[in-house]
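# I would like the atomic coordinates for the input below:
(one chain, ligands or ions: 1)
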Amino acid sequence: MTVRLGDIAPNFDATTTEGDLNFHDWLGDSWGVLFSHPKDFTPVCTTELGLVAKLKPEFDKRNVKVIGLSVDSVDSHGKWNADIEETQGTAVNFPVIGDSDRKVSDLYDMIHPNANDTLTVRSVFVIGPDKKVKLQITYPASTGRNFDEILRVIDSLQLTAKHKVATPGNWKDGDDVIIGSSVSDEEAKELFPNGWTTVKPYLRTLPQPGK
Ligand code: BEZ
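Purely as a prediction, here's the structure:
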């Protein structure tokens, strides 16, 4: 199945390292990150899971629930967790789906047969409280993900969900933002009474609202 931005994230029941769950029920009113890793007991995945465990407070702060997945069983994930704790200094502190039957991997198109016909690629889906897909990124198995980038995008998504702004390239929390192109100058005057800088009529910047 192809999952595109704006689609409702496909719902599923799954067995995880923290018990059985229904994805939408588990998400509740939170934001969510669903990410796949190709296989248990592999080096890049080991570093990634340790990294996400260390970043858990950052996800919590943003009201984001994180859930991993691989095509191995929950039993296998449990055994691997001991290695992650030993080598990365942190045990995995979020659920990881056991997807031996590839039900969820297929639902989210995480297996790209021309890359590998049995293992998932490194997919990341960010899902909003409305259950819609807000971001998807796909990395190859050989490249570990930059989870600071995922947090940066979540900051942008949460800001733009609240204010009629967009964020420029390489933006990070606290930097100036852009007034969305659908906002007229008249509307902008009401929304941003402290004004903005017009660099071009289509490029209007202002300090990040709420900072
Ligand atoms: C890794 O995590 O290192 C890995 C997993 C599957 C294929 C290649 C690399």
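# flag every residue of the protein that's near the ligand.
38-39, 42-45, 119, 141-142 (Cβ under 6 Å from any ligand atom). Where C-beta positions appear, they are placed from N, C-alpha and C, glycine not excepted.
# what does the host helix or strand of residue 186 rub up against?
Using DSSP states H and E, residue 186 sits within helix 185-191. Applying Cβ atoms under 8 Å, 6 or more residues apart in numbering, the contact partners of helix 185-191 are 163-164, 179, 183, 196, 204.
# returning to what we had before: ok, of the residues of the chain next to the ligand, which come out buried?
Among the residues of the chain next to the ligand, those that count as buried by neighbour count (16 or more other Cβ atoms under 10 Å) are 38-39, 42, 44-45, 119, 141.
# next, format those residues as CSV and append pLDDT.
Converted to CSV, these look like this (pLDDT from 0 to 100):
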residue, pLDDT
38, 96
39, 96
42, 97
44, 97
45, 98
119, 95
141, 95
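# separation between the residue sitting furthest away from the middle of the chain and residue 22?
In the chain, counting by Cα atoms, centre = their mean, residue 186 sits farthest out from the average C-alpha position, at 34.9 Å. Counting by Cβ to Cβ, to the nearest Å, the separation of residue 186 from residue 22 is 46 Å.
# what sits against residue 76?
40-41, 98.
# nope, residue 116 is what I meant
By Cβ under 8 Å, 6+ apart, the contact list for residue 116 reads 38, 141.
# what kind of secondary structure is it in?
Here residue 116 takes the coil state, with states given by DSSP: H, G, I helix; E, B strand; the rest coil.
# which parts of this structure are helices?
Taking DSSP state H, the helices of the chain run over residues 23-27, 43-61, 74-88, 103-107, 147-162, 185-191.
# ok, which of those comes nearest residue 13?
helix 23-27 (7.6 Å; Cβ to Cβ).
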